[in-house]
Every structure is written in structure tokens, then in C-alpha cells.
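Asker: Here's a sequence, model it:
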Amino acid sequence: MENSTAVIRRRISPFTRMASLVLLGTSLANPTFAAAPLAATLKLQVREVVLTYPAEGVVEAIRQATVAAQVAGRVIEVRADAGKVVKQGELLMRLDAREATEGVAGAQAQLAQARASYERTKSLVAQKFMSPAALDQAEAAWKAAQAAAGASGASLSHASVTAPISGIVAERHAELGEMAAPGKPLVTIFDPKGLRVIASVPQYKLAEVKKYAKAQVEFPETGKWIDAVRVEILPAADPRTHTITARLILPDDMQGVIPGMAARAHFVAGQAKKLTVPTSAVLRRGEITGVYVVDEKGQLHMRQIRLGETVAGGEIEVLAGLASGDSIRLDPIRAGIEMKQSPAQTH
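Answerer: Okay, the predicted model is just below:
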């Protein structure tokens, strides 16, 4: 009997293992077998929201400098490229300074000659062999030679292009071997610690914007909202568009925000009570906009709504379709899957 029992066990064991694997795979494929996380819901209430006036803007650096060539010469060395962090005074580029070097040598030679001429004239005037007017001319020639030597030395120093501020290299405008001319841009540097958003405010909204002098900045691509540290209104208007430029100062060390990015400024224009929903809870299917509502029995229903403007904080005003006290799901994609899997759910 013991041998026969062992044989039966050996025969049954593979089927038992197979059944266990099937049940395990079913539990992984079917979420009803696993403990699903609790669904995120929100009970709506009418609340006090800030009324804002939106305006498109762009991010720019408060401290930004474009270094240009001050002397003519070929770029013979490049030490900084876009994205590099540099310190004030750090060498960025070097230009061919042979012509400037020769100019310095010539200026120094003229300076030495003018000084020697002045000393001889001074001695001759002291001995009454020359008039004092000759000494004045020799002194003037010496001073002119000193000025020329100083200017030539400054031109030689301009062959080494250094960073005027500490920051990040935004763009390099010249390549190795290119010819640089006076006034040609070479490198653009910005300080990432100080950024601001530039936006235009219509003339008819100027009084409201000045009254509150507060604003929030929205970055549509990331959904991030940031309170502006300060709002500055420039004192002049554009005579063609009748708009005023506003500067929204951002907090220091903003992560993921760089000059040139698009942003949307929301200027505070008052307060009002509104019913709002989070943007992430809204489901859009073609021309239909709706949310998933949870009734008293816990059943899900798709309800079409009509939305208004986006309010501060990234929520949207609900004009019709919902009322205070309704509960909605914050994860519309998951809620839609649950409705399709459960026959008890109704649209």
C-alpha cells in the first residue's frame, strides 16, 4: 500500500503544481483577486476662488549677458559650450592676438622715443638752447604716446574673452576657426538664480492688475503653478497695441524652468465663489466633456458637464452638470475601466 500511495502522489503532484500556477496567473491577470488600492474620490463644494486674468508670457533671465568681440581676430581656442557652468572672469574664448601684439610693440617703441625726446628737450631748455614752447610740444607728444600704448595694451587684453557674470552658457555663437569682428556676438550667459516672466497687460485691465499686484505663473506643459514673488508694471505703454509690459519675478533656483520657455501669467483680478473640479478628473471624448460621479450606492455614472475658465491652482470652473455635494472620481481612466468590467455599473 505504501508503494501504491507513493505512485499516486507522484502522479498527482504535477497536476497540483499546474493548477497552482493557473490560479496564480489568474489572480495576477484579474484585479479582483488582488487587493486593489482605494479609488480616489472628491466631494465637491462651492469655495472661494481667486479670479484671474490670463496672459501669455515668456521666461527670461534677469541677469543675462551676450559677450561680443572687441577686436578683429580668428577664434583659436574655445573653452565653453552651451550648458557649461562658468564663473565670473573665467576664460571662454581666445582670439588670434598677433596683430594686436605687433600694435603693442609699436606703441611701446613710440612711447620710448617720445620719452627720450622729452628728456633731451627738457635738458636743452634748461641750458637755454631751446624755447619753453619746444618743451611743451615734447611733453604733449610723450603723453599722446602713453595714451596710444595704453590703448594698444587694452586691445591685446580683449583677445581673451572672459565671462562677465557667473552663470550658465546659453548659446555659443562662434565656432573654432571663425573670424571674429568687433561687435560680433560670441557667447550668451544667463544667471539661473534669477528668472522672470514677461507678459503684456491690456490698458483696460491695468487698474485691476495694479490694485492687487499679485499673480501666479502656469507652465501648461508640466501643469505646474507657481506664485510670483513680485509683479512689476513698467510705466510706459506700447502706442500700437495699447498694452503694458508686466514682469513677474519667479522664486530663486527654479527647477526645470529655463529662459525662452512659454508660460501663462494669471493676474489676480478679484474673488468669487465657484464650483470647481481638478483638471485631472475631467475626461474628454471628442466633443463630450464629463466626469465620473459616484452615487450613494457607490455606483459610477458618466455625467456630461460644461466647463468655464481655469482658476488659480489648476482647477476648472463647472458651469453645469454638477452640484455641491456630488462625489467624483479623480482617476477617470481607471473609473472607465471599472465601469466596463462591472455589469452593475451604468452610464
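Asker: immediately after the helix or strand encompassing residue 133, which helix or strand?
Answerer: Using DSSP states H and E, residue 133 falls within helix 132-157. Using DSSP H and E, the helix or strand that directly follows helix 132-157 along the chain is strand 160-162.
Asker: by contact count, what packs against the next helix or strand after that next one?
Answerer: Of the helices and strands lying after strand 160-162 in sequence (DSSP H and E), the nearest is strand 167-172. When contacts are defined as 3 or more C-beta pairs under 8 Å, 6 or more residues apart in numbering; DSSP states H and E, strand 167-172 packs onto strand 85-86, strand 185-190. Where you see a C-beta, it was placed from the backbone N, CA and C, and this is true even at glycine.
Asker: Quick check: which helices or strands does the helix or strand just after the shortest one pack against?
Answerer: What that stands for is strand 85-86. Using DSSP H and E, the helix or strand that directly follows strand 85-86 along the chain is strand 91-95. Using 3+ C-beta pairs under 8 Å, 6+ apart as the contact test, the elements touching strand 91-95 are strand 73-78, strand 160-162, strand 185-190.
Asker: May I have the phi/psi pair for residue 260?
Answerer: Torsion angles at residue 260 (phi, psi; degrees, to the nearest 10) stand at phi 100, psi -10.
Asker: close enough to count as contact, it and residue 57?
Answerer: No. When contacts are counted by C-beta atoms under 8 Å, residue 260 is not listed as touching residue 57 (11.6 Å).
Asker: Just want to know which of the two has more residues nearby.
Answerer: Ranked by neighbour count (other C-beta atoms under 10 Å), residue 260 and residue 57 place residue 57 first, with 23 against 10.
Asker: got a list of contacts for stretch 119-131?
Answerer: Contacts to stretch 119-131, defined as C-beta atoms under 8 Å, 6 or more residues apart in numbering, come from residues 132, 134, 135, 137, 138.
Asker: still on that earlier bit, which of the helices and strands packed on strand 167-172 sits most buried?
Answerer: When the helices and strands packed on strand 167-172 are scored by mean count of other C-beta atoms under 10 Å, the highest mean neighbour count falls to strand 185-190 (a mean of 22).
Asker: So which elements touch it?
Answerer: Contacts defined by 3+ C-beta pairs under 8 Å, 6+ apart place strand 185-190 against strand 64-68, strand 91-95, strand 167-172.
Asker: export those strands to JSON lines and tack on mean pLDDT?
Answerer: What follows is the helices and strands packed on strand 185-190, written out as JSON lines (pLDDT from 0 to 100):
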{"stretch": "strand 64-68", "mean pLDDT": "91"}
{"stretch": "strand 91-95", "mean pLDDT": "88"}
{"stretch": "strand 167-172", "mean pLDDT": "92"}
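Asker: who wins for proximity to residue 212 among those?
Answerer: strand 64-68 (28.9 Å; C-beta to C-beta).
Asker: could you give the angle of that closest one to strand 185-190?
Answerer: For strand 64-68 against strand 185-190, the angle by axes from the mean of the first three to the mean of the last three C-alpha atoms, to 10 degrees is 160 degrees.
Asker: Each with direction, which strands does strand 64-68 pair with?
Answerer: The pairing partners recorded for strand 64-68 under DSSP bridges are strand 185-190 (antiparallel).
Asker: ok so, going back, from the contacts of stretch 119-131, keep the buried residues only.
Answerer: Neighbour-count burial (16 or more other C-beta atoms under 10 Å) applied to the contacts of stretch 119-131 gives 135, 138.
Asker: how about the contacts of stretch 119-131 in TSV, adding pLDDT and distance to residue 267?
Answerer: Formatted as TSV, the contacts of stretch 119-131 follow (pLDDT from 0 to 100; distance: C-beta to C-beta, whole Å):
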residue	pLDDT	distance to residue 267
132	76	73
134	76	74
135	73	71
137	77	68
138	74	69
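Asker: and residue 180, what is it in contact with?
Answerer: Residue 180 neighbours (C-beta under 8 Å, 6+ apart): 69, 71, 72, 73, 74, 75, 95, 174, 186.
Asker: if you set the cut-off to 7 Å instead, what comes out?
Answerer: When contacts are counted by C-beta atoms under 7 Å, 6 or more residues apart in numbering, residue 180 touches 69, 72, 73, 75, 95, 174, 186.
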